[in-house]
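Asker: take this sequence and fold it.
(2 chains)
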Amino acid sequence: MTETPSSVPEPCGDEGSDRYTHPSRREAIVGAASASLVMGASFGATAQSQGSGGGTGVVLVPVNLMVNGTRHALALDPRSTLLDVLREHLDLTGTKKGCDQGQCGACTVLIDGRRINSCLTFAVMHGGAEITTIEGLAKSGGLHPLQQAFIEHDAFQCGYCTSGQICSAAGLIAEGRAQTADEIRELMSGNICRCGAYPNIVAAIQQAMGRT
Amino acid sequence: MIEFQYTRASDVADAVRQLAGDPAAKFVAGGTNLIDLMKMDVERPTRVIDITGLQLKQVEGTPGGGLRIGALVRNTDLAYHPLVEQRYPVLASALMAGASQQLRNMASTGGNLMQRTRCSYFYDTALPCNKRELGSGCSAIDGQNRGHAILGTSDACIATHPSDMCVALAMLEAKVHVTGPSGDRVIAFADFHRLPGDTPQRDTNLEAGELITGVELPPRGFATNYTYLKIRDRLSYAFALVSVAVGLELDGDTIKEGRFALGGVAHKPWRDPRAETLLRGQPATTPTFTRAADLVLQGARGYGQNTFKIELARRSIVRALTQAARGTPQSQSDKKIV
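Answerer: A predicted model of the protein is given here:
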């Protein structure tokens, strides 16, 4: 791979970078979000209504979520999607919220090894299940073969869909159903990439299929 | 999304008991449609009963040579089940033509039957919709109706049923097993979903308090001459404009038995017994298929943007019957239509 000459780094998807003296996008977003976290931090036995129903209060539901091998004892508003719990309660922000209605695949995670849309399921339904997010794919320090392949094939531009693409591809490889490029495309059709990196995504998956 | 109480059902009897005690309750299994609709405030249950712990996850042969599918069997598990792949490949094909792999990994067999229409006016609580709010009017009849029904419509509703799986189940003449406060009953697939008439708010003939426990397939699977042809705006992951599930039994070039059901054109999977009678005993040729298609579409009505569906359906029926007769079913990964 050749490096693209560039004197000005693109401030795109560069999480955790310390090259900038101004706050990174991540820091700015976290800063803004913390205000709402404070407002939402008063969860006790019940939480006040946040929805449009105007009820008397939500009964929180206790649930033990096993995420990337770590057990989390939580008490959740049952309306919380798994996606929102991963991001807002467990700070696992690698899983992205795209459409929030099961159409884009950015929120894809693995439950008991199977890929699903975390935006369309309530977290309280998954007590005892093994949940794997993009943060949990890499084992023993190194990159997961799919992560390495995505880098080598430049299988993204903005990177927003990438964690969902990689989790989905991990599920696809585990299913063992896709052999040809056509079959990979079809079985990856639940993951949208608006930058249009599809040829490189397919190439990266094909490479990883040979390695995993 | 409004607040709701979340409970888990320990067994089928407990699920029925919980639902009977709370008319504003809903069952959740895969959740892929219900949760979406709850986010949009279209569905507003005050109690959600999680039935994913029920023992309804088996696929097993029946003594009569058919197949019994538990209501909680996931779409992917069903599509990849060896007995389905071997004996009911049209069902496997229809399943793989629907949604995405993530959604198929979540969606249950019973929930697939209970899917609600994807009419955009049904989803938009700011606009009239008789299905969502009876008496408010139908925004689609004179509105954006490119995806809407051409058969069996009413002045109240022109929505379509979105499922692919159900189109294959209708063709296969599946039976739906349900249980409720009055006990168990079996509903023929043709009688499960309803036409809109003047009660478009009701999608199915499931009675209040009833739970789908399973779907039964009869022995005849049409495993040799079948196809599921789905025509849509994208090659994958889009609802059908028109789809056709076909099963043929041939004696040489003569049709002994021919069945087909249409998706994307009506409020329920659409079968026409007259057209299937017409096929019987006839040569499996284009003129025969065209006559059958013409008969099905005699009463079709377009609403402007969706009028093209009438001709699209006619051609899709002929093409699908041809694919089935040749023994060259539509591939759901190589999208070439031959």
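Asker: the strands in chain A, which residues?
Answerer: Remark: strands assigned in chain A by DSSP state E are A:46-47, A:58-59, A:61-67, A:70-76, A:108-111, A:114-117, A:130-132.
Asker: let me know which of those is tucked in deepest.
Answerer: strand A:114-117 (a mean of 29; mean count of other CB atoms under 10 Å in any protein chain shown). Heads up, the C-betas are built off the backbone N, CA and C, glycines and all.
Asker: and the gap between B:Thr213 and B:Ala188?
Answerer: Distance, B:Thr213 to B:Ala188, using CB to CB, to the nearest Å: 16 Å.
Asker: the two: which is more packed in?
Answerer: Higher neighbour count among B:Thr213 and B:Ala188: B:Thr213, with 22 against 11, using other CB atoms under 10 Å in any protein chain shown.
Asker: residues contacting the more buried one?
Answerer: By CB atoms under 8 Å, 6 or more residues apart in numbering or on different chains, the residues touching B:Thr213 are B:Val12, B:Leu56, B:Gly70, B:Ala71, B:Gly110, B:His177, B:Val178, B:Thr179, B:Asp184.
Asker: secondary structure class for it?
Answerer: Taken by DSSP: H, G, I helix; E, B strand; the rest coil, the conformation at B:Thr213 corresponds to strand.
Asker: just to be sure, B:Ile49 is in a strand?
Answerer: Yes. Counting by three-state DSSP, B:Ile49 is part of a strand.
Asker: so what's it up against?
Answerer: B:Thr7, B:Arg8, B:Ala9, B:Ala15, B:Gln18, B:Leu19, B:Ala25, B:Lys26, B:Phe27, B:Val28.
Asker: do you know how far A:Thr108 is from B:Gly31?
Answerer: The gap separating A:Thr108 from B:Gly31 is 15 Å, by CB to CB.
Asker: what mean pLDDT would you report for stretch A:69-81?
Answerer: Averaged across stretch A:69-81, the pLDDT comes to 98.
Asker: one more: stretch B:202-219?
Answerer: So the average pLDDT for stretch B:202-219 ends up being 97.
Asker: next: stretch B:57-68.
Answerer: The model assigns stretch B:57-68 a mean pLDDT of 97.
Asker: neighbouring contacts of that stretch?
Answerer: Contacts of stretch B:57-68 (CB under 8 Å, 6+ apart): B:69-70, B:72-73, B:77-78, B:81, B:83-84, B:87-88, B:177, B:214-219.
Asker: swap in 6 Å and give it another go.
Answerer: B:Ile69, B:Gly70, B:Leu72, B:Val73, B:His81, B:Leu83, B:Gly214, B:Glu216, B:Leu217, B:Pro218, B:Pro219 (CB atoms under 6 Å, 6 or more residues apart in numbering or on different chains).
Asker: thinking again about what came up before, with neighbour count, distance to B:Thr199 and secondary structure as new columns, can the contacts of B:Ile49 be given to me in CSV?
Answerer: Formatted as CSV, those follow (neighbours: other CB atoms under 10 Å in any protein chain shown; distance: CB to CB, whole Å; DSSP: H, G, I helix; E, B strand; the rest coil):
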residue, neighbour count, distance to B:Thr199, secondary structure
B:Thr7, 17, 30, strand
B:Arg8, 18, 32, strand
B:Ala9, 20, 28, coil
B:Ala15, 24, 26, helix
B:Gln18, 19, 26, helix
B:Leu19, 22, 21, helix
B:Ala25, 20, 21, strand
B:Lys26, 18, 19, strand
B:Phe27, 25, 22, strand
B:Val28, 23, 25, strand
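Asker: of these, closest to B:Asn145?
Answerer: Nearest to B:Asn145 among the contacts of B:Ile49, counting by CB to CB, is B:Lys26 at 28.3 Å.
Asker: who's in contact with the residue in the stretch 101-250 of chain B that chain A sits nearest to?
Answerer: Going by CB to the nearest CB, chain A is nearest to B:Ser236 of the stretch 101-250 of chain B, at 3.7 Å. Taking CB under 6 Å, 6+ apart, we find B:Ser236 in contact with A:Glu186, A:Ser189.
Asker: sec struct for it, please.
Answerer: Applying three-state DSSP: B:Ser236 is coil.
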